[in-house]
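**Q** Here is my input; please provide its structure:
(2 chains)
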Amino acid sequence: MNDMTPITTKPKDWETDQEVRWCPGCGDYAILKAVQRTMPELGARPENTVFVSGIGCSSRFPYYMETYGFHTIHGRAPAVATGVKLANPDLDVWIITGDGDALSIGGNHTMHLLRRNLNCQVLLFNNEIYGLTKGQYSPTSRVGTRTPSTPLGSVDRPANPCAFALGSGARFVARGIDVHKNLVGVLKAAYAHQGAAFVEIFQNCIVYNDDVFAPFAEKANAGPNQLWVEHGKPLLFNNGSKGLALDAERLTLKVIDVVGGDVSGVVVHDQTNRGLAHMLVEMPFGEFPMALGVIYDDPAPTFEGAVVEQNRAAAAGKKPDLQKLLSQGQTWQVDKQPHLI
Amino acid sequence: MATAVHEVTPAEASANPLMESVVVRFAGDSGDGMQLTGGQFTLSTALAGNDLATFPDFPAEIRAPQGTLFGVSAFQINFGSTDIETAGDQPDVLIAMNPAGLKVNIDQLKAGGLVIADEGEFTQRNLDKAKYDSNPLTDGSLAKWQLLSFNISQLTLDAVKPFGLGNKEALRCKNMWTLGLSLWMFDRDRQPIIDWLKSKFAKAPTLAEANIAALNAGHAYGETAELAGPMKQHSIAAAPVEPGLYRTVTGADSISLGLVAGAQLASLPMFFGGYPITPASAILHSLARMKEFGVTTFQAEDEIAAVASAIGASYAGQLGVTCSSGPGIALKGEAIGLAIMTELPLVIVNAQRGGPSTGLPTKTEQSDLYQAVYGRNGDAPLPVIAARSAADCFDCAIEAVRIATQYMTPVMLLTDGYLQNAAEPWRVPDISNYAPFPVTFATETPEGGFKPYARDQKLARPWAKPGTPGLLHRIGGIEKKQGTGNIDYSPANHQEMTDTRRSKIDGIAVPDQQVELGAQGGKLAIVGWGSTFGPIHQAVRRARRQGLDVSHIHIRHIWPMPRNLGTLLKSYEHVLVPEMNTGQLKTVLRDQFLVDARPLNKVSGQPFRIAEIEAAIASYFDRVPGHDEGSLGADDTQLPDPVSGHDDGSLRDVTSPQSA
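**A** Numbering: from 1, shown residues only, chains lettered A, B, ... in the order given. Model prediction:
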């Protein structure tokens, strides 16, 4: 059993001596800082913390965290993390992945990690591009994205990470923005959630896909385009002058004007409402704002908890006797003189 | 071990080989319960003290259409009074439950052998399905063999009539009727089968009684003088074996037990990540029932997740294990490279099957040796161990765990479909005779800070598990600096790390190669690996009995190879390598030792027959003294030059794609 008592650390305690090798101005720097700021607030212990990543720009992350870390292979971080957590459920396991890593080559593992509900945090850095391989379009790139591999524009429809997560059975789905101050709060909520916590972080790739999220992520555009959801509060944005209401006839959401602070008709966010979560993550941007924050949080029993419990129950009352195990089944004794039948 | 290695005594060597053993093949529809019948017969044979080997041969389809040729399921058992190492060559007895079972198997029956057929199943419809123009039971086409046909279906229905079963259920008792007859023929005790039926059908006593009645009726049918001629009782004396407690094990059982034993000897909990694949799944099934030994089993979403989760568990301080067959091992390749790069212990079991691609899922082959030794990107060496018999799987699994944990490396353990499914008697080892090799995790921060890629004398790096204060470190698949493990692409470092990884594996302490049978040095060495042990050993034994200067060498450590192996091989005039592939070990031996190793290959999905190897041995000698079997039945194109055994180049077109 590892010591789980919360301890006091400073953000600096979570930094390694390694030179950070992302492009200057990359959104990853802001996320790294946010994570290093979050860890002390969680009371987490560096030696009990493991960062597991796949391949891609974001996956260099573990080298910069003064914790245990495993930079694995493309797409497989969820599978490696599953082994780590099952082997030692006391560890805090964070998975760092990207849009290509988690949704393309590793889509299968992401799906199964979420449906099994392994208790860990999945931070998906979504920059809608393959950065490390020099700018090809990714599974989250919008139709028409021009890249070296799609010089005439991509033609395939993108995946929506949060919709994928909900569809896979995730019990915690949240969104944040690399440079936004709310990211720390989102990470804390993810850590507090018992089970797989899926966080999509909009991350700006300054070299290959600069400003792709600017229409909502830029400070100037934030007001009318960012909707930070909060459990138990009306779904308001644009400084409280607009809200989301239910279009009961079409069973969908609609944007309404909120006049004089009258929020009647505005849907109150319920983070345990799976149907509402689906609607929020599927809202087409432009017509609607971008839903951000903890969109869905409804814990369910964890995978490693069930495995540990089943192992315990199966072993209960049994004394592991290897010699007995070897000798079980139908046996017979051969004496010095082989007996004839 | 009862069957793994056996020194032949002079008395045995002079024994009459024809009396040694009897081979019986049960063949019928995959729905007829053939594997069940064969399995129970195996058990009763083992209980009778006869050494035995079995060879299940079943279709890839779970339930192929009834009565068709591709739906034939068969089970072969070889038992007798001397050590049995193979499931036998040509059967002495073929029990055919339908026309398709007869058609598929009859050509393998020894001339003069006995056919027992269920004539009740030889209907026009079934004959058509088996593509017989006329009924072989009556048209004289089976004249070469002794034929006994009776209506087993009807006899079974009569026997179980008192129990009021439906027609379909009643006919399912047919296999027990046949088993009863076989037990009588070979003088086996019915009681273990009766006990087993009672426990199997504890919740349906009527079914138990009906099956027992069918079993007894088959037995009585043989016993009462309703039959004449060939149906004489066979009696096989018990085989001489080392005293001790015995049980039957399949390779899958034995591997599972060995892995658990290995983890216990290493003082580690075990994490097994698996994904269903034929013929490896039995290991997952077996380990899933051993949780009290600190075993966690995880059925992953795919082969890659299976190995990746095992690697994650190893990182966290458990013994990571995964298993698969060739196609799955191919998928795991990149992750195995990660385990090599991060130098974590990992055991990978490959139960080989016929390939490439999906290949022959239920048939046996040894064609993944290249894949095991070479099949990864980059210079990625790992130790490879091959088990020779179901019983040997136990020791090989322990050896794999020892090497993995002592040297911090993934280890590949090769078995095959034959070993996986075949059952043989196993002398239960005394586990206290196995020296423990407990793992020591790093716990203290050394002066100057913890270095995850510091080296011990064996060149192994320390194993520090997450949760340990003061030893925080990062590992990954990117080339890392010797010592610190930090990312380092520099040319000199990559050279050094590549050399270190290779030297570590090359330096693994592997026992010197022994000669299983025969002299060190001489005219001819037959060099095998894996499940060909049985037929090679028997063939060499027979050849030596005839005075031929031939030895049997069987390699367990495929990589790194025993240090004395090159010198040993060079002490023979000729080296012949029988393999169930197109010559993979042969190529490695040529490469490693510049010896003129010659291939003897078979890739039919069936194990070697002793006669095939005997014929290959004979071809190296001018004459074959005392050899009394006329036709050896081996395919001439697979054999070396029969005159001198010298490579005149002609073989290369056939079996050896590359020149020496």
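
**Q** what's near enough to touch residue 169?
**A** The chain I'm using is chain A. Applying CB atoms under 8 Å, 6 or more residues apart in numbering or on different chains to residue A:169 gives the contacts A:114, A:115, A:117. In short, each C-beta sits where N, CA and C put it, glycine included.

**Q** oops, I was thinking of chain B
**A** Under the criterion of CB under 8 Å, 6+ apart, the contact list for residue B:169 reads B:207, B:210.

**Q** which residues does residue B:309 contact?
**A** By CB under 8 Å, 6+ apart, the contact set of residue B:309 is A:79, A:80, A:82, A:83, A:86, B:271, B:273, B:298, B:300, B:320.

**Q** What about those, which are in strands?
**A** Judged by DSSP state E, strands contain the following of those: B:271, B:273, B:298, B:320.

**Q** Could you tell me which ones among those also sit near chain A?
**A** Among these, the residues that sit close to chain A (CB under 8 Å from any CB of the partner chain) are B:271, B:273, B:298, B:320.

**Q** in the sheet, who's paired with the third one?
**A** For residue B:298, the beta-bridge partners are residue B:273 (DSSP bridges).

**Q** Scan chain B for its longest helix.
**A** Longest helix in chain B, counting residues (DSSP state H): helix B:205-223.

**Q** which two from the ones next to chain A among the ones in strands among the contacts of residue B:309 end up farthest apart in space?
**A** For those, the farthest-apart pair by CB to CB is B:298 and B:320; their separation is 10.3 Å.

**Q** on that earlier part again, put the alpha carbons of the helix or strand just after the longest helix of chain B into PDB.
**A** Tracing the chain C-terminally past helix B:205-223 and defining elements by DSSP states H and E, one meets strand B:244-250 next. The C-alpha coordinates for strand B:244-250 follow below in PDB (Å, rounded to 0.1, in the frame of the first residue of the first chain):
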ATOM      1  CA  GLY B 244       6.300 -40.800  -8.400                       C
ATOM      2  CA  LEU B 245       3.000 -39.000  -8.600                       C
ATOM      3  CA  TYR B 246       1.700 -38.600 -12.100                       C
ATOM      4  CA  ARG B 247      -1.100 -36.700 -13.900                       C
ATOM      5  CA  THR B 248      -1.800 -36.000 -17.500                       C
ATOM      6  CA  VAL B 249      -1.200 -32.400 -18.700                       C
ATOM      7  CA  THR B 250      -1.600 -30.600 -22.000                       C
END
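
**Q** helices and strands around strand B:244-250, which ones?
**A** Using 3 or more CB pairs under 8 Å, 6 or more residues apart in numbering or on different chains; DSSP states H and E as the contact criterion, the elements in contact with strand B:244-250 are strand A:331-334, helix B:34-47, strand B:423-427.

**Q** which residues sit against the longest one?
**A** When you say that, I think you mean helix B:34-47. Counting by CB under 8 Å, 6+ apart, the neighbours of helix B:34-47 from elsewhere in the structure are A:330, A:332, B:24, B:26-28, B:52, B:54, B:56, B:58, B:73-77, B:79, B:97, B:175-176, B:178-179, B:182-183, B:186, B:188-190, B:192-193, B:196, B:246-248, B:423, B:425.

**Q** Surely residue B:290 is in contact with residue B:253?
**A** No: taking CB atoms under 8 Å as the definition, residue B:290 is not a contact partner of residue B:253, at 11.1 Å.

**Q** need the contacts of residue B:309 in a markdown table with distance to residue A:20, neighbour count and pLDDT, can you?
**A** Formatted as a markdown table, the contacts of residue B:309 follow (distance: CB to CB, whole Å; neighbours: other CB atoms under 10 Å in any protein chain shown; pLDDT from 0 to 100):
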| residue | distance to residue A:20 | neighbour count | pLDDT |
| --- | --- | --- | --- |
| A:79 | 27 | 34 | 98 |
| A:80 | 23 | 33 | 98 |
| A:82 | 28 | 33 | 98 |
| A:83 | 28 | 31 | 98 |
| A:86 | 31 | 24 | 98 |
| B:271 | 33 | 29 | 98 |
| B:273 | 33 | 31 | 98 |
| B:298 | 35 | 24 | 98 |
| B:300 | 33 | 22 | 98 |
| B:320 | 31 | 30 | 98 |
